[in-house]
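Student: Predicted model follows, preceded by the sequence.
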Amino acid sequence: MRLSLPTRAQRVTHFVCLCTPTGEGRLSVQLRNNYHLHRYPGSGPSHRRNCRFYSPDATSSGLQAYSLKAVKELEDGGLNVRLDLPLRQPRQAKTEAKPAPPRVAGPGVKRDAMSLLGLLHLLWTESGLIQWYPAMDGKRGEWLVARLMAEQAQRISTARMTLNDVLLVPAADGSKEKERNLQVVATARQHKRNVVAIAPLARYNPDRDAVLERLPLRSAAGMPAMYLADMARTAVTESFVAELNAWEAGAQIYAILHVSVRAGTKPYADVNKVALMRVSERLIPLDSGHEATVEQLLYDNQRSFYKPLRFDSALDAVFPDFWLLDMFRDYPMEVFGMNTPEYLARKVIKVAHYNASYPSGWWQWDAYATATIPPLPVSAESA
């Protein structure tokens with residue numbers, strides 16, 4: 001949202017959003033060529049749920065896993081993020097060495113840095129792509145992902161630069177996004193920076209993709225040819241088995257890549273790290289086929305909902321697979337789909353949590369026990 005402000009208004013610390021009668025939601029203004037309204041730090045849950053500035057409380061997703069050193073809301077509407085991967089290349093090239101695994105925070109311990117997958121989850125969350133309202137039907141595609149990722153990257157500062165300085169977004173030939181990608185690559189080569197690329201995977205081709213020598217990206221105009229080192233290939237095939245299986249079965253998968261641009265004039269780059277995320281036709285992130293079934297059911301019934309993302313959280317954080325947004329209150333939805341001892345023990349903890357925290361009711365489907373999906377609760381609009 002662009003706006004023009006008089007000089008006197010520029011000194012105002014915040015504005016009040018009119019999405020609620022009480023004006024509890026606050027807005028800040030950020031200057032980027034023009035003035036833009038943004039959510040004021042900590043005010044996301046105070047906005048109405050169908051407001052563009054609404055965001056769930058951190059405890060309703062894996063965002064609670066981070067300390068303020070990892071991610072911090074700024075008064076101008078921006079975010080400061082500390083990543084656990086370098087955005088500047090070393091002065092001297094080194095031979096490939098096995099990187100240290102990212103520190104996984106234990107129960108009750110917050111992470112001080114964000115992983116590559118955590119960054120993708122942050123961008124998806126901040127852009128609102130985790131939310132769905134029936135009015136959005138037909139309005140989502142790769143062009144929207146490109147625009148929203150670039151917009152959010154301008155708000156995120158990291159390693160004494162903005163993420164926008166090093167982010168490559170989905171692009172088609174002849175588009176302004178392609179020209180932007182080419183400029184980011186050229187600047188990265190000049191200043192010896194690594195880049196972060198986001199793009200969907202092309203449709204799975206068994207002849208091409210049985211041995212994953214390169215990640216086949218779709219809508220990657222302006223991006224360099226990206227070569228997977230053995231270690232990066234092994235890491236992605238071991239860490240994202242579910243996403244790769246879903247890709248092979250025809251699901252849509254988005255990739256985020258940490259890439260080192262090679263010196264010289266040829267558009268080549270080496271992939272250091274990859275993370276994958278499955279999404280629905282509506283770009284809602286999904287963790288399983290059961291979640292895909294529920295997301296489709298919610299869409300078919302014209303429900304409003306959002307998908308909380310895990311980020312880098314440890315297993316002690318309890319939050320549901322979906323939250324309904326068209327109820328009078330917070331309404332969690334949980335899908336149980338396994339019966340291993342560890343999973344069942346975790347299920348007991350989750351059920352106890354939901355029963356205690358939401359005594360008026362919550363929705364669950366034990367997909368392992370029955371293929372019959374329980375009816376959805378009646379929305380507030382229909383009640």
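Tutor: On my side now, so go ahead. Residues are numbered from 1 along each chain as shown.

Student: which stretches of the stretch 101-250 of the chain form strands?
Tutor: 131-132, 156-158, 161-162, 167-168, 194-200, 225-228 (DSSP state E, counting those that start in this stretch).

Student: So which of those strands is nearest Phe322?
Tutor: Using Cβ to Cβ as the measure, strand 131-132 is the one of those that comes nearest Phe322, at 9.6 Å. All C-beta atoms are positioned from the backbone trio N, CA, C, and that covers glycine.

Student: which neighbours does the closest one have in its sheet, and in what orientation?
Tutor: With DSSP bridges as the test, strand 131-132 is paired with strand 305-306 (antiparallel).

Student: Determine the next helix or strand in the C-terminal direction from the strand it pairs with.
Tutor: Going down the chain from strand 305-306, the next helix or strand is strand 322-324, by DSSP states H and E.

Student: After that following strand, which helix or strand is next?
Tutor: Assigned by DSSP H and E, the successor of strand 322-324 is strand 331-336.

Student: Let's have the strands of the stretch 101-250 of the chain in JSON lines, adding mean neighbour count.
Tutor: JSON lines is the format used below for those (neighbours: other Cβ atoms under 10 Å):
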{"stretch": "strand 131-132", "mean neighbour count": "23"}
{"stretch": "strand 156-158", "mean neighbour count": "20"}
{"stretch": "strand 161-162", "mean neighbour count": "15"}
{"stretch": "strand 167-168", "mean neighbour count": "26"}
{"stretch": "strand 194-200", "mean neighbour count": "24"}
{"stretch": "strand 225-228", "mean neighbour count": "18"}
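
Student: closest one to Asp287 among these?
Tutor: Using Cβ to Cβ, the nearest of the strands of the stretch 101-250 of the chain to Asp287 is strand 131-132, at 15.9 Å.

Student: ok so, going back, to Ser219, which of the strands of the stretch 101-250 of the chain lies closest?
Tutor: Nearest of these (Cβ to Cβ): strand 194-200, 5.8 Å.

Student: What average pLDDT does the closest one get?
Tutor: Averaging pLDDT along strand 194-200 yields 98.

Student: Residues contacting that strand, please?
Tutor: Contacts of strand 194-200 with the rest of the structure, by Cβ atoms under 8 Å, 6 or more residues apart in numbering, involve 85-89, 116, 119-120, 123, 142, 145, 149, 163, 166-170, 184-185, 188, 217-220, 223, 226, 252-261, 269, 272.

Student: And those residues, which of them are buried?
Tutor: 85, 87, 89, 116, 119-120, 123, 142, 145, 149, 163, 166-170, 184-185, 188, 217, 219-220, 223, 226, 252-261, 269, 272 (16 or more other Cβ atoms under 10 Å).

Student: residue ranges of the helices in the stretch 201-350 of the chain, please?
Tutor: Taking DSSP state H, counting those that start in this stretch as the test, the helices found in the stretch 201-350 of the chain are 206-209, 230-239, 241-248, 289-300, 341-357.

Student: Turn the ones you listed into a markdown table, columns for mean neighbour count.
Tutor: What follows is those, written out as a markdown table (neighbours: other Cβ under 10 Å):
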| stretch | mean neighbour count |
| --- | --- |
| helix 206-209 | 10 |
| helix 230-239 | 16 |
| helix 241-248 | 17 |
| helix 289-300 | 18 |
| helix 341-357 | 12 |
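
Student: Save these as a markdown table, and put in distance to Ser313 and mean pLDDT too.
Tutor: Formatted as a markdown table, the helices of the stretch 201-350 of the chain follow (distance: least, Cβ to Cβ, whole Å; pLDDT from 0 to 100):
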| stretch | distance to Ser313 | mean pLDDT |
| --- | --- | --- |
| helix 206-209 | 31 | 92 |
| helix 230-239 | 16 | 92 |
| helix 241-248 | 17 | 97 |
| helix 289-300 | 17 | 98 |
| helix 341-357 | 13 | 95 |
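
Student: closest to Pro21 out of these?
Tutor: Nearest to Pro21, of all those, is helix 341-357, at 26.9 Å by Cβ to Cβ.

Student: low-confidence ranges in the stretch 251-383 of the chain?
Tutor: Applying pLDDT under 70 to the stretch 251-383 of the chain flags residues 315, 383.

Student: need the strands of the stretch 101-250 of the chain in TSV with distance to Glu24, can you?
Tutor: Converted to TSV, the strands of the stretch 101-250 of the chain look like this (distance: least, Cβ to Cβ, whole Å):
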stretch	distance to Glu24
strand 131-132	19
strand 156-158	26
strand 161-162	30
strand 167-168	33
strand 194-200	34
strand 225-228	46
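
Student: Out of these, flag the one nearest Lys110.
Tutor: Once the strands of the stretch 101-250 of the chain are compared by Cβ to Cβ, strand 156-158 is nearest, at 17.9 Å.

Student: by contact count, what packs against the closest one?
Tutor: Contacts defined by 3 or more Cβ pairs under 8 Å, 6 or more residues apart in numbering; DSSP states H and E place strand 156-158 against strand 79-81.

Student: List the contacts of the strand it packs on.
Tutor: 70-74, 114, 119, 122, 126, 155-158, 163.

Student: try it again with 10 Å
Tutor: Residues outside strand 79-81 that contact it (Cβ atoms under 10 Å, 6 or more residues apart in numbering): 38, 41, 66, 68-74, 113-114, 118-119, 122, 126, 152, 155-159, 163.

Student: Show me just the buried residues among these.
Tutor: Using 16+ other Cβ under 10 Å as the burial test, the contacts of strand 79-81 include 38, 41, 66, 70-71, 73, 113-114, 118-119, 122, 126, 152, 155-159, 163 as buried.

Student: ok, back up a step: could you dump the helices of the stretch 201-350 of the chain to JSON lines with distance to Val195?
Tutor: As requested, the helices of the stretch 201-350 of the chain are exported to JSON lines (distance: least, Cβ to Cβ, whole Å):
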{"stretch": "helix 206-209", "distance to Val195": "23"}
{"stretch": "helix 230-239", "distance to Val195": "15"}
{"stretch": "helix 241-248", "distance to Val195": "22"}
{"stretch": "helix 289-300", "distance to Val195": "31"}
{"stretch": "helix 341-357", "distance to Val195": "37"}
